[in-house]
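1. turn this into a structure:
(one chain, ligands or ions: 2)
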Amino acid sequence: MKIALLGGSFDPVHEGHIQMAKEAVAQLDVEEVWFLPTWKTPLKERNLSSTNDRVQMLELALASYPKFKINLVEMERMGSSYTIDTLSILCQRYPENQFYWLMGNDQLEQFDRWKEPEKLVKLAQFVCFDRLGKLAKPSYPILCLHMPMMPVSSSEIRKGYKLNYLDPNVLNYIYQHRLYIENFVRERVNPHRFAHSLSVASLCEELAISHHLDSHKAYLIGLFHDIAKSMSKEKMEPWMDAICPENKIYPVPVWHGFVGSEIVKRVFGLWDETICAAIYHHVLGTSTDPYAMIVFCADKLDPLRGYPVQEQIEQTKKDLEKGFSLVKEENKKYLEGKE
Ligand SMILES: [Fe+2]
Ligand SMILES: [Fe+2]
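-> Ligands and ions are numbered 1, 2, ... in the order given. Here you go, the predicted structure:
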């Protein structure tokens, strides 16, 4: 069998990887593509997500492609995985197979630094997919093929950009297991706002547990509630025009709730009406949906604000409606005072 091998950390796997595997089938006529998640990439220092999470995301992303398989040879060894070791094992285990090792331009440029490159090119046909249109001339017998560019990387995804390049089931997994999602927020707000977002998220979670609600959903609402807070009026205006032009009569500091509720859907793929509505109403407390009441209270009772709030938090844990009306009353007084 002709088998293409695609190594990577897959943290997380995205459309760019799938595209490369599809090109291998189309251009090399391989029967299968094996995805080889690395235990740890020798040339990269960043800490990877757990093995289990990366493999589970691969399983979800490859589920609809019968020719794409996961091979855990690198995981089994649990050491720093060099391609030469991996390839030697695969050639021993499957002597009948002809292997193609797939890589991108960035890897071709570093090929001299790989362990035992002369030996590597004897064990498999190395194939470089040219994504940038400016291939370095390889000094080893490496096959160079052209592939349309897929402008996405796992590192962008870990910061919450280009999430539309993920399989929807992988994105769902990321939220369910809280991979990278704190980074999504950290990237877009200042450090003070980020600390507040984390603090509100954990208070939302606690309040949801007290009221037998979905604590993970509450956590997400808290985490993302101020996602639009750092946006300028100019940046928010087109969003306001598109979603609720009638709300432009409100002072600008109120807008981030409306805009944030749309951003969590369109940018972060959180298409959950309860989450969006809770964020939409969090500034003014204009909804009595339990999740909306929770985030409204948690936002105002965030211990990081520096007021003595513990008693009110305990009260809200016992009785959400009562806590909500008390917080709303106080907030009203505060705003009137400010006026
Ligand atoms: Fe807010
Ligand atoms: Fe807030």
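2. what sits against residue 168?
-> By Cβ atoms under 8 Å, 6 or more residues apart in numbering, the contact set of residue 168 is residue 269. Using the backbone N, CA and C atoms, a C-beta is placed for each residue, glycine as well.
3. for it, grab phi and psi.
-> In terms of degrees, to the nearest 10, the main-chain angles of residue 168 are phi -60, psi -30.
4. which parts of the strand or helix carrying residue 75 are buried?
-> Mapping residue 75 onto the secondary structure by DSSP states H and E places it in helix 73-77. When burial is assessed from 16 or more other Cβ atoms under 10 Å, helix 73-77 yields the following buried residues: 73, 74, 75.
5. buried residues of the very next helix or strand once past it, list them for me.
-> Under the assignment DSSP H and E, the closest C-terminal helix or strand after helix 73-77 is helix 83-93. Within helix 83-93, the residues that qualify as buried by neighbour count (16+ other Cβ under 10 Å) are 83, 85, 86, 87, 90.
6. now do stretch 247-264
-> For stretch 247-264, a neighbour-count test (16+ other Cβ under 10 Å) marks 255, 256, 257, 258, 259, 260, 261, 262, 263, 264 as buried.
7. state the distance from residue 102 to residue 231.
-> Summarising the geometry, the distance separating residue 102 from residue 231, computed by Cβ to Cβ, to the nearest Å, is 40 Å.
8. tell me which of the two has more neighbours.
-> Residue environment comparison for residue 102 versus residue 231 gives the larger neighbour count to residue 102, 27 against 19, counting by other Cβ atoms under 10 Å.
9. how about the secondary structure of the more buried one?
-> The three-state label for residue 102, taken from DSSP: H, G, I helix; E, B strand; the rest coil, comes out as strand.
10. next up, the contacts around it.
-> By Cβ under 8 Å, 6+ apart, the contact list for residue 102 reads 4, 5, 6, 20, 21, 24, 33, 127, 129.
11. any idea which element the last one lies in?
-> Put plainly, it is residue 129. According to DSSP H and E, residue 129 maps onto strand 125-130.
12. got the buried residues of helix 83-93 as JSON lines, with pLDDT columns?
-> As requested, those are exported to JSON lines (pLDDT from 0 to 100):
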{"residue": "83", "pLDDT": "89"}
{"residue": "85", "pLDDT": "89"}
{"residue": "86", "pLDDT": "90"}
{"residue": "87", "pLDDT": "93"}
{"residue": "90", "pLDDT": "95"}
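13. nearest to residue 146, of those residues?
-> Using Cβ to Cβ, residue 83 is the member of these that sits closest to residue 146, with 23.1 Å.
14. state the distance from the closest one to ligand 2.
-> 48 Å (Cβ to the ion, to the nearest Å).
15. what's that residue in contact with, if anything?
-> Applying Cβ under 8 Å, 6+ apart, the residues near residue 83 are 7, 101, 114, 115, 120.
16. excluding its backbone neighbours, what's nearest the last one?
-> Just to be clear, that refers to residue 120. Distance criterion Cβ to Cβ, 6 or more residues apart in numbering; nearest residue to residue 120, sequence neighbours excluded, is residue 84 at 5.7 Å.
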